[in-house]
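Visitor: here's a sequence, model it:
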Amino acid sequence: MLRTFSTTVARSAPSRAIRASRGFAAHAGQVEQLVLEGKPTKEWIEFKKNIEHHAEGRHSPFFFFEVQLFTTYLCSCATETTNLWRKISFFVAVPTTLLGTLWVYRVESEHAEHEAHIRAEHGGELPPVPAYDYLNKRAKPFPWGANSLFFNAHTNKDLTADA
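Guide: Below you'll find the predicted structure:
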């Protein structure tokens, strides 16, 4: 049993080291400190005895106090995780959204200026769109007419005029 336990500890040492270095939660590395080099410490043996004691259904007089401690422990982990995601939201997501909005605004304003320039060159109208044979092919007509469901007269070619 002890040999199996020590090989398990030795095999999982690299992953435990990575997990302990993350530092996301307050309990990171706590269990690893109780078992050193495959030799359980007194605290670890006591911890295991307490678990076995509770598993048998014989609760100590401090059971409800222990439940409150465990709940407080879970809440502290939840608080740390909540703070982590709050920081990610404020310092990563919000600035990224603002930068994306500014970039799209700049590109669309350039596009609007270019379209206004083309309209000015052609007497206030956009030049006619070429009627290519491979565009707007339909196997059967739409029930609502020749134009698509999301037709916009300012940007799309009106196909009812061609029909």
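Visitor: in this protein, which spans are strands?
Guide: 35-36, 39-40 (DSSP state E).
Visitor: worst mean pLDDT among the ones you listed?
Guide: If the strands of the chain are sorted by mean pLDDT, strand 35-36 sits at the bottom with a mean of 56.
Visitor: quick one: least confident helix or strand in this protein?
Guide: helix 30-34 (a mean of 54; mean pLDDT, DSSP states H and E).
Visitor: low-confidence ranges, this structure, go.
Guide: The chain contains residues with pLDDT under 70 at 1-38, 53-76, 162-163.
Visitor: can you give me the helices in it?
Guide: 2-22, 30-34, 42-55, 63-88, 94-121 (DSSP state H).
Visitor: gap between Ala116 and Trp85?
Guide: 44 Å (Cβ to Cβ, to the nearest Å). Where C-beta positions appear, they are placed from N, C-alpha and C, glycine not excepted.
Visitor: how is the protein divided into domains?
Guide: As given by automatic domain parsing, the domain ranges for the chain are 1-58, 64-122.
Visitor: restrict stretch 97-107 to CA atoms and write it as PDB.
Guide: Output of stretch 97-107 as PDB, limited to C-alpha atoms (Å, rounded to 0.1, in the frame of the first residue of the first chain):
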ATOM      1  CA  THR A  97     -14.700  46.000 -26.700                       C
ATOM      2  CA  LEU A  98     -14.000  49.800 -26.800                       C
ATOM      3  CA  LEU A  99     -11.000  49.300 -29.100                       C
ATOM      4  CA  GLY A 100     -13.100  47.100 -31.400                       C
ATOM      5  CA  THR A 101     -15.800  49.700 -31.500                       C
ATOM      6  CA  LEU A 102     -13.400  52.500 -32.300                       C
ATOM      7  CA  TRP A 103     -11.800  50.400 -35.100                       C
ATOM      8  CA  VAL A 104     -15.200  49.600 -36.700                       C
ATOM      9  CA  TYR A 105     -16.200  53.300 -36.400                       C
ATOM     10  CA  ARG A 106     -13.000  54.400 -38.200                       C
ATOM     11  CA  VAL A 107     -13.400  51.800 -41.000                       C
END
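Visitor: much appreciated, bye for now.
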